[in-house]
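Asks: only geometry, no sequence info:
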């Protein structure tokens with residue numbers, strides 16, 4: 001009967017060959033199209049910024065774990081993902097030292113001080129961007145215009161004596177609150193021939209990466225679909241299209257402009273900072289979409305993706321609690337008895353402490 005011997009062990013009882021490194025590697029592969037478009041539009045500095053950011057994220061994670069004698073997570077590629085995504089949500093003209101400060105805040109403050117991978121309650125890259133926006137608002141909103149005439153200048157951007165051509169992004173010219181039509185065409189916004197952050201300019205490149213993640217099973221469709229559709233429906237119903245722009249074109253501009261695709265496919269779907277239940281994922285996506293439109297329409301900041309996801313990150317525990325499925329086989333009477341028992345225990349503990 002040895003072959004039928006029952007082995008008692010703690011969960012999980014089923015293992016999978018797909019680990020953190022495999023998932024992170026797929027995310028890095030999915031980001032390649034957006035990275036390629038960033039280099040094509042803004043020049044080689046987009047690539048050098050990304051390399052510097054990844055290196056320092058790895059250094060900060062290794063140094064923190066070494067200092068506190070914690071297991072070294074170098075090799076799981078999670079810090080590399082943070083480094084890439086942080087650059088993707090920053091302008092290419094940002095000085096290197098500013099990027100490094102954002103790396104430190106994202107890795108040490110947001111990720112490691114809360115216990116490391118799997119325990120942070122905010123997306124590290126977005127939190128790093130929010131921190132940089134708070135501390136360095138001018139360089140974080142200085143956008144380089146696309147074009148090869150900027151390549152050589154931008155390679156040294158941020159240094160004394162270096163000039164580069166800047167301009168407004170489709171969202172930053174504030175056409176939502178005015179009667180001014182954006183200069184960029186819908187095709188430019190879809191392909192990526194516009195100014196903006198390094199990894200946000202090309203909607204088609206981000207869509208290709210998102211489809212890859214969905215095909216590989218790395219992410220699920222619920223959050224991206226709920227997020228993008230909420231923004232689409234609200235901007236279509238409550239359109240503020242300027243003269244000469246129809247409501248449908250306006251809606252597409254709101255979707256393709258800014259970092260909506262990057263946030264929907266690569267930020268909001270983060271395993272650690274997103275809900276665990278199907279209903280919770282839909283609520284998360286709808287809530288983030290509502291916040292994006294609210295910030296864009298009524299806020300003083302033309303883009304709202306970063307803050308919409310961060311706010312919803314904070315609410316994930318509540319969403320999970322409210323959407324947790326009921327235990328199989330538990331009746332209403334059993335749940336009522338458990339509540340009464342817990343209430344009695346709480347009352348007894350209170351009386352004991354008073355005594």
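Replies: Noted; the coordinates are in hand. On a predicted model such as this, the values are computed, not experimentally measured, just so you know.

Asks: Quick check: nearest residue in space to residue 294, chain neighbours excluded?
Replies: residue 304 (7.2 Å; CB to CB, 6 or more residues apart in numbering). For every residue, glycine as well, the C-beta is placed using N, CA and C.

Asks: Quick one: neighbours of the nearest residue to residue 265 once chain neighbours are set aside, just the number.
Replies: Closest residue to residue 265 apart from its sequence neighbours, by CB to CB, 6+ apart: residue 210 at 3.4 Å. Other residues within reach of residue 210 by the criterion other CB atoms under 10 Å amount to 24.

Asks: so what secondary structure elements neighbour the helix or strand hosting residue 210?
Replies: Per DSSP states H and E: residue 210 is located in helix 203-216. Helix 203-216 sits against helix 20-42, helix 186-191, helix 260-262, with contacts defined as 3 or more CB pairs under 8 Å, 6 or more residues apart in numbering; DSSP states H and E.

Asks: what's the spacing between the closest residue in space to residue 124 that isn't next to it in sequence and residue 317?
Replies: In space, residue 124 comes closest to residue 106 once its chain neighbours are excluded; the distance is 4.0 Å by CB to CB, 6+ apart. As defined by CB to CB, to the nearest Å, residue 106 lies at a distance of 21 Å from residue 317.

Asks: Counting neighbours, which bits of stretch 293-302 end up buried?
Replies: 293, 295-296, 302 (16 or more other CB atoms under 10 Å).

Asks: Give me the residues contacting stretch 260-271.
Replies: Applying CB atoms under 8 Å, 6 or more residues apart in numbering, the external contacts of stretch 260-271 come out as 23, 27, 30-31, 34, 85, 88-89, 123, 125-126, 199-200, 203, 206-207, 209-210, 213, 219-220, 223-224, 227-228, 231, 254-255, 274, 284-285, 288, 292, 305-306, 308-309, 312.

Asks: what mean pLDDT would you report for it?
Replies: Mean pLDDT, computed over stretch 260-271, is 94.

Asks: hang on, the earlier thing: wait, the residue nearest to residue 265 sits on residue 224?
Replies: Yes - counting by CB atoms under 8 Å, residue 210 does reach residue 224; the two are 6.4 Å apart.

Asks: Could I get the full set of strands for the stretch 251-355 of the chain?
Replies: Ranges of strands within the stretch 251-355 of the chain: none, based on DSSP state E, counting those that start in this stretch.

Asks: in it, which spans are helices?
Replies: Using DSSP state H, counting those that start in this stretch, the helices of the stretch 251-355 of the chain run over 260-262, 278-298, 305-314, 316-323, 332-354.

Asks: so which of the ones you listed comes closest to residue 237?
Replies: Set against residue 237 and scored by CB to CB, the helices of the stretch 251-355 of the chain come closest in helix 278-298, at 10.1 Å.

Asks: Can you give me the buried ones in the closest one?
Replies: Using 16+ other CB under 10 Å as the test for burial, helix 278-298 gives 280-293, 295-296.

Asks: Distance of residue 98 relative to residue 142?
Replies: Noted for residue 98: a distance of 11 Å to residue 142, by CB to CB.

Asks: Find the residue at the geometric middle of the protein.
Replies: Nearest to the mean C-alpha position of the chain, by CA atoms, centre = their mean, lies residue 267 at 2.2 Å.

Asks: Kindly provide the distance from it to residue 130.
Replies: For residue 267, the distance to residue 130 - CB to CB - is 12 Å.

Asks: for residue 199, same thing?
Replies: 16 Å.

Asks: Between the two, tell me which one has more neighbours.
Replies: Neighbours of residue 199 and residue 130, each counted by other CB under 10 Å, are more numerous for residue 199; the result is 30 against 21.

Asks: Chain neighbours aside, what residue packs nearest to the more buried one?
Replies: Nearest residue to residue 199, sequence neighbours excluded (CB to CB, 6+ apart): residue 88, at 2.6 Å.

Asks: cool, and residue 107?
Replies: Spatial nearest neighbour of residue 107, chain neighbours left out: residue 60 (4.3 Å); criterion: CB to CB, 6+ apart.

Asks: Figure out the helix or strand that that neighbour lives in.
Replies: Using DSSP H and E, residue 60 sits within helix 45-67.

Asks: Tell me the helix or strand right after that helix.
Replies: helix 78-88.

Asks: Against residue 92, how distant is the closest residue in space to residue 229 that isn't next to it in sequence?
Replies: Of all residues not flanking residue 229 in the chain, residue 289 sits nearest, at 7.3 Å (CB to CB, 6+ apart). Here residue 289 is placed at a distance of 28 Å from residue 92 (CB to CB).

Asks: same deal with residue 227?
Replies: 26 Å.

Asks: do residue 145 as well
Replies: 11 Å.

Asks: quick one: which of those two has more around it?
Replies: Per other CB under 10 Å, whichever of residue 145 and residue 92 has more neighbours is residue 92, with 31 against 18.

Asks: per-residue confidence for that one?
Replies: In this prediction residue 92 is given a pLDDT of 89.

Asks: and the closest residue to it other than its chain neighbours, how many neighbours?
Replies: Excluding the flanking residues, the one nearest residue 92 by CB to CB, 6+ apart is residue 42, at 4.2 Å. Neighbourhood size, residue 42 [other CB under 10 Å]: 32.

Asks: any idea how far residue 42 is from residue 82?
Replies: Residue 42 is 21 Å from residue 82, by CB to CB.
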